[in-house]
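Asker: Pasting the sequence and the predicted coordinates here, then a few questions.
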Amino acid sequence: MQISMGNTATMTAADLLKDQLDDAGHQLTKVMEGMPDKGLDHKITPDSMSPRDQIAHLCEAYEACKVNGAGGKYEWGTYKAPTEKSELMSEFDKQRGAAVNQTLSNATPEAIKLASDYILGHDYYHVGQLCLARLAVEPDWNFYTIYRE
């Protein structure tokens, strides 16, 4: 599928997805970069996920994307992410990179839909929650830093 960009430019769905995945990944990286330790376990409400929980949840969503994209049926709740901050962030990078690479290396309409559901939708949804948690523990944090200049 191609998306018309006026009279001269076109963009494929895979091109658009790649741009959006790059942007969402950038925003996630920036909100977590320098996250205070007390922010990792801060919950905005008693029943919400902490940033640590959200990053682990995103790792599981990426795993689901990979499994389902390879023709399997992912069983939610079976993935266990590390809990220590540096290990968790390393796992996050690894899982997200593998899911994105799997999708973009075979950008079929089905793969693009899976990535939209399991990566992109989850990423942007959690960026806002992560920003809110960070602001709760670091009120002077400049949330505009998540955007590219």
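Answerer: That came in fine, so what should we check first?

Asker: Point me to the helix or strand that includes residue 131.
Answerer: Assessed by DSSP states H and E, residue 131 sits inside helix 121-137.

Asker: With residue 28 instead?
Answerer: Following DSSP H and E, one finds residue 28 within helix 13-32.

Asker: pLDDT of that helix, averaged?
Answerer: Throughout helix 13-32, pLDDT has a mean value of 96.

Asker: same check, this time on stretch 123-136
Answerer: Stretch 123-136 comes out with an average pLDDT of 97.

Asker: which outside residues touch that stretch?
Answerer: Residues outside stretch 123-136 that contact it (C-beta atoms under 8 Å, 6 or more residues apart in numbering): 21, 24-25, 27-28, 31-32, 35-36, 39, 42-44, 48-51, 54, 57-58, 141, 143, 146. Placement of C-beta: from N, CA and C, glycine included.

Asker: Just the buried subset of the residues you listed, please.
Answerer: Neighbour counting by 16 or more other C-beta atoms under 10 Å classes 21, 24-25, 27-28, 31-32, 35, 39, 42, 49-51, 54, 57-58, 141, 146 among the contacts of stretch 123-136 as buried.

Asker: Before I go, just wanted to say thanks for your time.
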